[in-house]
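J.: no sequence on hand, only this structure:
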Ligand SMILES: Nc1ncnc2c1ncn2[C@@H]1O[C@H](COP(=O)(O)OP(=O)(O)OP(=O)(O)O)[C@@H](O)[C@H]1O
Ligand SMILES: [Mg+2]
């Protein structure tokens, strides 16, 4: 692996503005950020500081007003809507605070969702879903519906869903925000293992100092700007 | 998005529907009711056009007493038969005495057609006897060959006796014919009917005339009417279907009016599906945004919404159009007016048309909701 490839994400001069009525909100301003491959990065900051906005830009579900975001050499900021969707499918897994599983689908079917778009034999799809669920320790809950699972288990299913297409980047927005300590620790342990054992690059937003400890690196976001990293 | 991906999404849309069972059932029931009505109305229209639209292959003329419209008032001397047969282009003539139990519009009309027994086979070779025997009929003075619709409607079989319009007959056989009128009538011997209905032996209601293959119906009709123009009983001759259209004018107007019911049913189905799918889309804003986050393109999201409309249409179409077919099959409805019958029978073409329309309506009604589902930015939908 050469040096060039060691950096997975390069953000340069990233600004995001929203228009709210007559006011212009600028949650992110001239932000520069490099994320090395395999990094487990925690983002902290007060409410409204732009953390979710940054994750949305990194994951390609939103686009910067100005600046550039490159991932693996792809200029993500320059992709159109359709290209972005295709790019997301194979490059990012998004983990939400409230899991956002599809309630009428079983754990298995939820995890299968990202693979339905690919021209993949059924057999292979099934193997990959089972592998992802076993990685998060839920092999025995495959055919349970979300309402039959605990919060921690739901979040594991969501993580399996984010993983199943094997993207290099996982973004997580307060993944333990809705869980008790024990369940939260288990999820953090899982994310840690994904970064160290599976080589995933993880960017995680959190309010929880213990969660930040689990990460390899911690950044503070304040009023749209990154403050110095604390390690 | 690849075609295969489009197919992979079908089970997903299907699960969304079956796992919201009550909502789906209610919607499907509504669509089914609309499509049931629509298919029934179409069957009626179809029966009318089948009975009234004159085709090049039609070969039958009906000779009636001029200016008479009901079988009880049309009286023609039976000796016209030989004269008509001599007119060029005429292949076969059959004198017919019509006796009806009810001359007005009715749902249960019994029409007797008195014909010379030895002439029936020559006149209508397409008639098949599906139960009983033709020989028995020919040998029995008060025997009747009844159409299969009539047999089903009244639950009659060979050996049974029945009475209508003061005429009592014994059933010798049940017939089936490609000509829908035949399937609703009772063929009896002409002299028997003339006596039973207390008409003279020398009189009949009408003559049915078969024209030579490829012959000109209009020309033969004119020739017949000219032949009797100055006779005591002048005639008026028209193609059988034009005759039906004239005799059953009220009936046709009535069924024409029902077209509005069909249109109303279609509009109701569109509204119902659009409302159901729109509601689904509204409650699934965030869910769809999550799918988009997973990499689903707009096309896939829109397709999922369309699929729900299509599947609802499919289920409602099968239930509604299928229900209408079953209903027609069980009820064997025949409308009659002045001795003319209009029978509704189940028809796979109409079933397919009802089903196809239901699918099209489902897709059409889902267009706007599909657009609603993809027009919002993902991050906004996630924040809801
Ligand atoms: N789609 C949007 N339209 C308008 N304003 C927005 C939008 N998304 C975010 N903002 C604004 O941008 C700012 C940053 O929002 P963001 O959600 O990134 O904050 P956050 O750091 O994730 O906060 P929290 O910790 O509460 O989740 C807020 O002021 C928010 O109101
Ligand atoms: Mg946030």
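T.: The structure has been received and is ready for your questions. What you see is a predicted model; the values in this text were computed from it and never measured. Residues are numbered from 1 along each chain as shown, chains lettered A, B, ... in the order given. Ligands and ions are numbered 1, 2, ... in the order given.

J.: what ranges does chain A have for its helices?
T.: Counting by DSSP state H, chain A has helices at residues A:3-6, A:51-58, A:81-91, A:107-112, A:122-135, A:151-163, A:181-196, A:209-214.

J.: residue ranges with poor pLDDT in the chain?
T.: No chain was given, so I picked chain A. A:1-5, A:228-231 (pLDDT under 70).

J.: was after chain B, sorry
T.: Scanning chain B for pLDDT under 70 picks out the ranges B:1, B:56, B:103-107, B:336-340.

J.: and the helices in it, which stretches?
T.: Using DSSP H, the helices found in chain B span residues B:3-18, B:21-52, B:80-85, B:120-123, B:134-139, B:148-154, B:190-196, B:217-227, B:240-247, B:249-283, B:285-293, B:298-331, B:348-375, B:378-383.

J.: so which of these is nearest ligand 1?
T.: Ligand 1 sits nearest to helix B:378-383 of all the helices of chain B, at 5.1 Å, using C-beta to the nearest ligand atom. Just so you know, the C-beta spots here come from the backbone N, C-alpha and C atoms, and that holds for glycine as well.

J.: could you count how many residues lie near the nearest residue to residue A:142 once chain neighbours are set aside?
T.: If you skip the residues right next to it in sequence, residue A:142 has residue A:108 as its closest partner in space, 4.4 Å away by C-beta to C-beta, 6 or more residues apart in numbering or on different chains. Using other C-beta atoms under 10 Å in any protein chain shown, residue A:108 is surrounded by 19 other residues.

J.: contacting residues around residue A:211?
T.: By C-beta atoms under 8 Å, 6 or more residues apart in numbering or on different chains, the contact list for residue A:211 reads A:42, A:176, A:184, A:188, A:204.

J.: got it, and residue B:361?
T.: Counting by C-beta under 8 Å, 6+ apart, residue B:361 has contacts B:31, B:266, B:269, B:270, B:273, B:313.

J.: let's see 7 Å
T.: B:266, B:269, B:270, B:273, B:313 (C-beta atoms under 7 Å, 6 or more residues apart in numbering or on different chains).

J.: check residue B:262 too.
T.: Contacts of residue B:262 (C-beta under 7 Å, 6+ apart): B:37, B:38, B:41, B:42.

J.: output those residues in CSV; the columns should cover neighbour count and distance to residue A:25.
T.: Output for those, formatted as CSV (neighbours: other C-beta atoms under 10 Å in any protein chain shown; distance: C-beta to C-beta, whole Å):
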residue, neighbour count, distance to residue A:25
B:37, 20, 54
B:38, 28, 53
B:41, 22, 58
B:42, 22, 58
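
J.: closest to ligand 1 out of the helices of chain A?
T.: Nearest of the helices of chain A (C-beta to the nearest ligand atom): helix A:51-58, 3.2 Å.

J.: which secondary structure elements does the closest one sit against?
T.: The helices and strands touching helix A:51-58, judged by 3 or more C-beta pairs under 7 Å, 6 or more residues apart in numbering or on different chains; DSSP states H and E, are strand A:7-20, strand A:23-36, strand A:169-173, strand A:201-205.

J.: for the third one, name the packing helices and strands.
T.: The helices and strands touching strand A:169-173, judged by 3+ C-beta pairs under 7 Å, 6+ apart, are helix A:51-58, strand A:92-95, strand A:201-205.

J.: pairing partners for the shortest one, with directions?
T.: Right, strand A:92-95. strand A:169-173 (parallel) (DSSP bridges).

J.: from the chain's centre, how far out does the strand it pairs with sit?
T.: Here strand A:169-173 is found 1 Å from its chain centre; the criterion is C-alpha atoms, centre = their mean, to the nearest Å.

J.: now stretch B:51-69
T.: That offset, for stretch B:51-69, works out to 19 Å (C-alpha atoms, centre = their mean).

J.: quick one: end-to-end length of that stretch, please.
T.: 17 Å (C-alpha to C-alpha, to the nearest Å).

J.: need the contact partners of it.
T.: B:74-76, B:84, B:180, B:206-211, B:217, B:220-221, B:224, B:233-245, B:247, B:252, B:338, B:342.

J.: need the helices of chain B in CSV (columns: distance to residue A:14).
T.: Converted to CSV, these look like this (distance: least, C-beta to C-beta, whole Å):
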stretch, distance to residue A:14
helix B:3-18, 32
helix B:21-52, 44
helix B:80-85, 97
helix B:120-123, 91
helix B:134-139, 93
helix B:148-154, 78
helix B:190-196, 97
helix B:217-227, 84
helix B:240-247, 77
helix B:249-283, 33
helix B:285-293, 19
helix B:298-331, 25
helix B:348-375, 26
helix B:378-383, 15
